[in-house]
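>>> need a structure here:
(2 chains)
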Amino acid sequence: DTGVSQDPRHKITKRGQNVTFRCDPISEHNRLYWYRQTLGQGPEFLTYFQNEAQLEKSRLLSDRFSAERPKGSFSTLEIQRTEQGDSAMYLCASSVGQGAYEQYFGPGTRLTVT
Amino acid sequence: EDQVTQSPEALRLQEGESSSLNCSYTVSGLRGLFWYRQDPGKGPEFLFTLYSAGEEKEKERLKATLTKKESFLHITAPKPEDSATYLCAVQARPNSGGSNYKLTFGKGTLLTVNP
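Next comes the predicted model:
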């Protein structure tokens, strides 16, 4: 079990640029989640997928954010026209099974918008 | 809306000094309560899942308990390597016909254990 991996680990970009992050879940985990965490706060839910279907999106996910999981395996999160307020840690998690199963988190991608 | 409040925000202990962290929650129907540990610059690491009031789980020096309104994480004889932020999260039961797997987190308790 290699765990959830995320790439890149760090990203510095200028305001107005587009960025894309990748998440590889634990193999055979059918659910994949994206969260955002700012300093001193707990993770906030953004969206989740069951296989390739995006089943829920948070109000936090503005039109500039889009997520995909095209083959039900890895996922990408794209932020268009980045703003300074987008600076945060973007966390990916995965889980398997029905009900209240634990979610396993990756190491996160730290985004800094200058 | 689901809410999770953790206290204290920060806790400083001497090695061997036992204490408890609190997690108060409001949720329409609890499916599960989760405890995670997070080290600086890393993703949260899963510790426990609790499902119903009265349930307890233990792992090494940690013990988690659950009531209908709150959960406690008891730390017995902590060591410096227990220093981390401890996060509590809830998952609500879905409304009829819906699905819900998102976690709602508290802000966490920053625990520092001095040698």
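>>> and the closest residue to B:Cys23 other than its chain neighbours, how many neighbours does it have?
Leaving aside its sequence neighbours, B:Cys23 sits nearest to B:Cys88 (CB to CB, 6 or more residues apart in numbering or on different chains; 3.4 Å). Glycine gets a C-beta too; all of them are placed from N, C-alpha and C. Neighbours of B:Cys88 under the rule other CB atoms under 10 Å in any protein chain shown: 31.
>>> in a strand, B:Cys88, correct?
Yes: counting by DSSP: H, G, I helix; E, B strand; the rest coil, B:Cys88 is part of a strand.
>>> in this structure it contacts B:Gln6, no?
Yes: the pair B:Cys88 / B:Gln6 is scored as a contact, 5.5 Å apart, by CB atoms under 8 Å.
>>> overlap in contacts of those two?
B:Cys23, B:Gly106, B:Gly108 (CB atoms under 8 Å, 6 or more residues apart in numbering or on different chains).
>>> would a markdown table of those with secondary structure, pLDDT and neighbour count be doable?
Converted to a markdown table, those look like this (DSSP: H, G, I helix; E, B strand; the rest coil; pLDDT from 0 to 100; neighbours: other CB atoms under 10 Å in any protein chain shown):
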| residue | secondary structure | pLDDT | neighbour count |
| --- | --- | --- | --- |
| B:Cys23 | strand | 98 | 27 |
| B:Gly106 | coil | 98 | 21 |
| B:Gly108 | coil | 98 | 27 |
